[in-house]
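Enquirer: Provide a 3D model corresponding to the input given below.
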Amino acid sequence: MVISIREVDPVFKGAGQKDGLEIWRIEKLQAVPVPRESHGKFFTGDSYIILKTSALKNGSFCQEIHYWLGKDTSQDEAGIAAIKTVELDAALGGRAVQYREVQGNETERFLSYFKPCIIPVEGGAASGFRQAVVNEREYVARLFVCKGKHTVQVKEVPFARASLNHDDILILDTKSKIFQFNGLNSSIQERAKALEVVQYLKDANHEGKCDVAVVDDGKLMADADAGEFWGLFAGFAPLPKKTFSELDGKDNDFPSKLLSVNEGQTFPLDCEDLTRELLDSTKCYFLDCGSELYVWMGRETVLEDRKQAGLAAEELLREGNRPRSHIIHLMEGFETVIFRSKFSKWPKKVETVVSVESRGKVAALLKRQGFNVRGVAEAAPLKEESQAHIDCTGNLQVWRVNDCEKTFLSFYEQCKFYSGDCYIFQYSYRGGDGENCLIGTWFGQKSIEEERSAATSLAHAMVDSLKFQAVLVRLYEGKESMEFFTIFQNLVIFKGGASTGYKKYVSENGTEDDTYSDNGVALFRVQGSGPENMQAIQVDTAAPSLNSSYCYILHDGDTLFTWVGNLSSSMDHGLAERQLDVLKPNLQSRLLKEGSESDQFWKLLGSKCEYPRQKIARDQESDSRLFSCTFSKGKKSS
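Expert: Residues are numbered from 1 along each chain as shown. All right, here's what the predicted structure looks like:
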């Protein structure tokens with residue numbers, strides 16, 4: 001990576017050296033730090049740069065950069081935000097993925113940083129506005145639509161009956177009362193998240209002093225709150241069906257296009273197939289996928305080339321009238337799994353991004369200027385974190401082994417395994433040589449030998465039927481590969497078993513059947529490296545099963561807790577929230593931070609006692625793990 005210190009803004013000195021958020025606002029074409037107390041307050045006329053730093057379990061840091069563009073921001077400020085984002089990435093060592101966020105169409109990742117939501121305020125630095133001014137005598141009622149179960153996107157809509165529909169949740173903020181209107185088709189999770197927004201508005205706009213009313217779609221004037229709500233819309237009337245926007249889904253069939261970027265100009269590449277060999281380390285490229293525009297930056301490009309590529313990406317979307325598309329900047333060697341999956345051929349092993357000697361010179365130069373060098377001098381020589389080099393958009397089929405036969409699992413059951421069972425999976429995906437097929441067996445820790453043998457025979461028979469064109473892999477619980485987790489994306493492993501062989505074994509040997517029960521007491525450890533790779537593992541329902549480095553889900557019938565360890569990251573918290581939708585989609589969980597547990601929580605675990613509180617070492621738990629497994633081609637094992 002080629003860096004000139006003169007090209008990096010001194011305002012970024014010391015950035016990215018601690019866990020959390022750092023935000024800069026573009027004022028007079030300069031990046032100005034935003035005080036922590038103002039984090040989450042965005043103005044529609046401004047552009048911002050947001051740095052999210054996460055502490056990994058190995059002690060290093062991982063950074064992601066977003067630049068947010070208000071709907072009224074100027075083209076100049078948007079361009080400066082894009083340029084400064086590239087400079088910030090250079091100051092951090094050139095590893096961070098960079099995302100473009102547009103007001104009203106933010107990514108879920110970005111919204112998760114701000115709880116419960118962001119509600120941009122009219123105005124901006126150029127107009128002199130620093131905070132919303134509310135005239136108590138002329139309080140203007142505002143109507144908001146809330147979308148999302150995990151993170152909430154809040155958007156102001158016209159205060160009119162036409163804005164109401166059966167699918168969404170809307171919040172009407174008036175001078176004396178806040179109404180939450182629950183569309184008939186909205187979910188429990190969406191309603192719970194919207195209540196958090198209501199509380200946010202109550203505290204922010206009313207100093208916590210106003211009434212709150214919930215109005216359910218379908219309740220008429222007989223309910224006092226419903227009557228008052230509909231009165232504000234000139235009386236009740238049937239709601240129209242939600243209209244389909246012409247913009248919705250128009251990018252679904254957008255063919256991916258690769259463009260070369262040179263001095264801010266783009267040149268389409270004429271290629272029938274996307275391969276890694278098309279990307280030159282001395283150049284920048286666009287991979288235009290419609291809803292996403294990837295900016296790939298070669299490791300030998302200079303900072304000015306990357307800045308020009310960022311500006312060209314902004315211009316491309318502006319000329320194409322594509323305000324909803326996201327721009328994602330990626331440095332060579334640090335491509336995401338989704339980006340790699342767009343290519344039919346991508347090598348599993350990438351050469352070191354830059355020599356240790358060169359990296360040391362860059363680190364020394366940055367350090368003299370006061371920049372963070374932790375990600376340059378120390379972290380970079382390490383191997384890139386193991387990531388799955390496989391198309392994660394293929395077709396998955398799963399079977400459970402019952403005695404000597406296999407039983408097909410539905411889409412909703414194929415990601416729920418039992419430790420006492422054996423499974424066979426077949427994954428078909430596009431590869432460099434056309435359609436590829438992976439057939440695998442997964443053996444639970446408590447599965448019986450007879451069903452393991454049956455699974456092996458059945459899997460070999462499947463390979464035979466495909467004329468040995470499939471790759472066969474054997475995996476054991478606790479030693480799964482990264483590819484396996486990426487294929488399944490969201491995997492739950494329960495105690496016990498559902499197969500006939502396991503049930504027969506338990507009965508004949510008189511052993512306790514600890515098979516998971518939805519109505520019983522169960523504890524799950526949540527782990528993974530992101531939404532595309534997360535697992536919930538059922539563990540013994542006892543305090544020693546806890547660990548400060550993880551998040552856990554504990555339930556007893558309709559009682560539900562989420563326990564957050566003091567050493568867990570914000571990403572871990574998000575994964576736990578997602579797993580709740582799998583385990584208990586219709587219940588609201590009570591959040592417990594380590595050290596503030598209730599008596600009921602400890603009672604469900606038997607008693608309060610000691611559990612591991614130290615940070616997990618790298619060799620015990622890395623943020624991305626790749627375990628060895630046994631591969632075979634046809635009937636020949638290796």
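
Enquirer: ok, then the element right after the strand or helix carrying S260?
Expert: Secondary-structure assignment from DSSP states H and E places S260 in strand 257-262. As assigned by DSSP H and E, the chain's next helix or strand after strand 257-262 is strand 265-268.

Enquirer: how big is the angle separating the following helix or strand past that following strand from strand 257-262?
Expert: Going down the chain from strand 265-268, the next helix or strand is strand 284-288, by DSSP H and E. Counting by axes from the mean of the first three to the mean of the last three CA atoms, to 10 degrees, strand 284-288 lies at 160 degrees to strand 257-262.

Enquirer: helices or strands up against the helix or strand just after strand 284-288?
Expert: As assigned by DSSP H and E, the chain's next helix or strand after strand 284-288 is strand 292-297. Contacts defined by 3 or more CB pairs under 8 Å, 6 or more residues apart in numbering; DSSP states H and E place strand 292-297 against strand 284-288, helix 303-319, strand 326-331. C-beta coordinates here come from the backbone N, C-alpha and C atoms, glycine included.

Enquirer: quick one, which of the ones you listed gets closest to A78.
Expert: helix 303-319 (6.0 Å; CB to CB).

Enquirer: contacts for the closest one, please.
Expert: Helix 303-319 is contacted by residues 2-4, 7-8, 75, 78-79, 82-83, 85-87, 90, 100, 261, 263-266, 283-284, 286, 288, 293, 295, 297, 323, 325, 327, 329 when judged by CB atoms under 8 Å, 6 or more residues apart in numbering.

Enquirer: if I pick the residue nearest the centre of the chain, what's in contact with it?
Expert: Nearest to the geometric centre of the chain sits P531, at 4.5 Å (CA atoms, centre = their mean). By CB under 8 Å, 6+ apart, the contact list for P531 reads 489, 574-575, 578.

Enquirer: circling back: now do the buried residues in the strand holding S260.
Expert: By 16 or more other CB atoms under 10 Å, the buried positions in strand 257-262 come out as 257-261.

Enquirer: buried subset of the contacts of helix 303-319, written for PyMOL?
Expert: Buried subset of the contacts of helix 303-319, written as a PyMOL selection, criterion 16+ other CB under 10 Å:
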select buried, resi 2+3+7+8+78+79+82+83+85+86+87+90+100+261+266+283+284+286+288+293+295+297+325+327+329
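
Enquirer: so what does the one helix or strand Y200 maps to touch, helix or strand wise?
Expert: In the assignment (DSSP H and E), Y200 maps to helix 188-206. Contacts defined by 3+ CB pairs under 8 Å, 6+ apart place helix 188-206 against strand 142-147, strand 169-173, strand 177-182, strand 211-216.

Enquirer: make CSV from these and add mean neighbour count, distance to L239 and mean pLDDT to it.
Expert: Output for the helices and strands packed on helix 188-206, formatted as CSV (neighbours: other CB atoms under 10 Å; distance: least, CB to CB, whole Å; pLDDT from 0 to 100):
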stretch, mean neighbour count, distance to L239, mean pLDDT
strand 142-147, 20, 13, 91
strand 169-173, 23, 11, 94
strand 177-182, 22, 10, 94
strand 211-216, 16, 12, 92
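
Enquirer: what's the closest of those strands to S410?
Expert: From the helices and strands packed on helix 188-206, taking CB to CB, the stretch that ends up closest is strand 142-147, at 27.9 Å.

Enquirer: in this structure L491 contacts Y418, no?
Expert: No: applying CB atoms under 8 Å as the test, L491 and Y418 come out as separate, 11.8 Å apart.

Enquirer: who has more neighbours out of these two?
Expert: Taking neighbours as other CB atoms under 10 Å, L491 and Y418 compare with Y418 leading, 24 against 21.

Enquirer: which SS class is the residue nearest to the more buried one when sequence neighbours are not counted?
Expert: Leaving aside its sequence neighbours, Y418 sits nearest to G497 (CB to CB, 6 or more residues apart in numbering; 4.6 Å). Secondary structure assignment for G497 (DSSP: H, G, I helix; E, B strand; the rest coil): coil.

Enquirer: burial count for G497?
Expert: 27.

Enquirer: quick one, what contacts it?
Expert: 418-421, 444, 446-447, 503, 506, 515.

Enquirer: just the pLDDT at it, thanks.
Expert: pLDDT for G497: 95.

Enquirer: from V401, how far off is it?
Expert: In this view, G497 and V401 are 10 Å apart by CB to CB, to the nearest Å.

Enquirer: what do these two both touch?
Expert: D421.

Enquirer: helices and strands of this structure: which one bottoms out on pLDDT?
Expert: When the helices and strands of the chain are scored by mean pLDDT, DSSP states H and E, strand 636-637 comes last with a mean of 36.

Enquirer: thinking again about what came up before, could I get the helices and strands packed on helix 188-206 in a markdown table, plus columns for distance to L546?
Expert: Below are the helices and strands packed on helix 188-206 laid out as a markdown table (distance: least, CB to CB, whole Å):
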| stretch | distance to L546 |
| --- | --- |
| strand 142-147 | 34 |
| strand 169-173 | 35 |
| strand 177-182 | 36 |
| strand 211-216 | 36 |
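
Enquirer: how about the ones you listed, which one is nearest S548?
Expert: Set against S548 and scored by CB to CB, these come closest in strand 142-147, at 33.6 Å.

Enquirer: so what strands line up beside the closest one?
Expert: strand 153-157 (antiparallel), strand 169-173 (antiparallel) (DSSP bridges).

Enquirer: export these to CSV and tack on distance to E413?
Expert: As requested, the strands paired with strand 142-147 are exported to CSV (distance: least, CB to CB, whole Å):
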stretch, distance to E413
strand 153-157, 31
strand 169-173, 30
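
Enquirer: wait, which of those strands is closest to E435?
Expert: strand 153-157 (37.0 Å).

Enquirer: how about that closest one as CSV, C-alpha atoms only?
Expert: Extracted in CSV, the C-alpha atoms of strand 153-157 (Å, rounded to 0.1, in the frame of the first residue of the first chain):
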residue,chain,number,x,y,z
GLN,A,153,-35.3,2.2,10.3
VAL,A,154,-37.4,5.2,11.1
LYS,A,155,-38.6,7.5,8.3
GLU,A,156,-40.9,10.5,8.5
VAL,A,157,-43.9,10.2,6.1
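
Enquirer: got a list of contacts for it?
Expert: 104, 106, 111, 117-119, 142-147, 163, 170-171, 197.

Enquirer: residue contacts, the closest residue to S545 other than its chain neighbours?
Expert: The shortest distance from S545 to any non-neighbouring residue, by CB to CB, 6+ apart, is to V539 (4.2 Å). Each residue near V539 by CB under 8 Å, 6+ apart is listed here: 523-525, 545.
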